[in-house]
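[1] only geometry, no sequence info:
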């Protein structure tokens, strides 16, 4: 199993590159998750007390990329305030099957989550428990696969953080993500824990203690 690469760590935060296939948190006995892996890392550094680690935001299990965790309650509170106030900048790279309505633009939908199937869908604004979802995207490349189908690489800037948001909105716009067996019927036989073509490649926020801008970018 690939372990997360720790890109930055100090007394307040840990920033890491989550591998695809590892959940952020899980209730399945014996299955490693980001929380337990990073707590084990902190425990190995010594200290008599159990390590503190707060999950600030999430990535779906088959998605890889940048995450920040808090190492104390004060840092967690400060980061959560930034997240709620939209001071986090989260950018993703995705490969879509097909083409989007335009080379770039904004998608605004309302989503409702189905907890039984662990999926979300686009719905009307007045649907009970509907939540507004907004993202912007820009096409960076197009190509053809071995069968001649169009693949579109896009950069996505997430403006809200809804359950499976990018995956649902891209599929609704006619360009589901490559490898996404939940929202792309072409991949319905693919195991759900395998990677999909979605990576959180850029993350920025203010350091919870110093206020210094923190910027991280992956290839």
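    Done, it's in. This structure is a prediction, so every number in the text was calculated from the model and none was measured.
[2] in this structure residue 170 contacts residue 184, no?
    No - if you go by C-beta atoms under 8 Å, residue 170 and residue 184 don't touch, sitting 9.2 Å apart. Placement of C-beta: from N, CA and C, glycine included.
[3] list residues touching both of these two?
    Common neighbours of residue 170 and residue 184, counting by C-beta atoms under 8 Å, 6 or more residues apart in numbering, are 176-177.
[4] more neighbours: the two, which one.
    Using other C-beta atoms under 10 Å as the criterion, residue 170 and residue 184 rank with residue 170 on top: 27 against 21.
[5] so where's the chain shaky on pLDDT?
    The chain contains residues with pLDDT under 70 at 1-2, 47-48, 187-194.
[6] where do the helices sit along it?
    34-43, 73-84, 165-172 (DSSP state H).
[7] which of these sits most buried?
    Mean neighbour count (mean count of other C-beta atoms under 10 Å) peaks for helix 165-172 among these, with a mean of 23.
[8] what's in contact with that one?
    60, 92, 94, 96, 100, 107, 109, 111, 120-122, 133, 135, 156, 158, 162, 176-177, 180, 182-184, 196, 198.
[9] report the central residue of the chain.
    residue 59 (3.3 Å; C-alpha atoms, centre = their mean).
[10] isn't it right up against residue 24?
    Yes - shown here, residue 59 and residue 24 form a contact pair, counting by C-beta under 8 Å, at 6.3 Å.
[11] anything in contact with each of these two?
    18, 67.
[12] neighbours of residue 180, just the number please.
    For residue 180, using other C-beta under 10 Å, the count is 29.
[13] so that it lines up with my notes, have the first residue be 23 from now on.
    Renumbered: residue one is now 23, and that last one reads residue 202.
[14] mind listing the strands the longest strand along the chain pairs with, and their directions?
    In the chain, assigned by DSSP state E, the strand with the most residues is strand 153-166. Note on strand 153-166: by DSSP bridges, its sheet partners are strand 126-136 (antiparallel), strand 172-180 (antiparallel).
[15] thinking again about what came up before, in JSON lines, list the helices of the chain along with distance to residue 86.
    JSON lines is the format used below for these (distance: least, C-beta to C-beta, whole Å):
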{"stretch": "helix 56-65", "distance to residue 86": "11"}
{"stretch": "helix 95-106", "distance to residue 86": "20"}
{"stretch": "helix 187-194", "distance to residue 86": "13"}
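[16] how about stretch 87-95, which residues are buried there?
    87-94 (16 or more other C-beta atoms under 10 Å).
[17] same question but for stretch 160-180, I mixed them up
    Neighbour-count burial for stretch 160-180 [16+ other C-beta under 10 Å]: 161, 173-178, 180.
[18] now do stretch 126-146
    129, 131-135, 142-144.
[19] cool, stretch 113-124 as well?
    113-120, 122.
[20] how about stretch 154-161?
    Those buried within stretch 154-161 under the rule 16+ other C-beta under 10 Å are 155, 157-159, 161.
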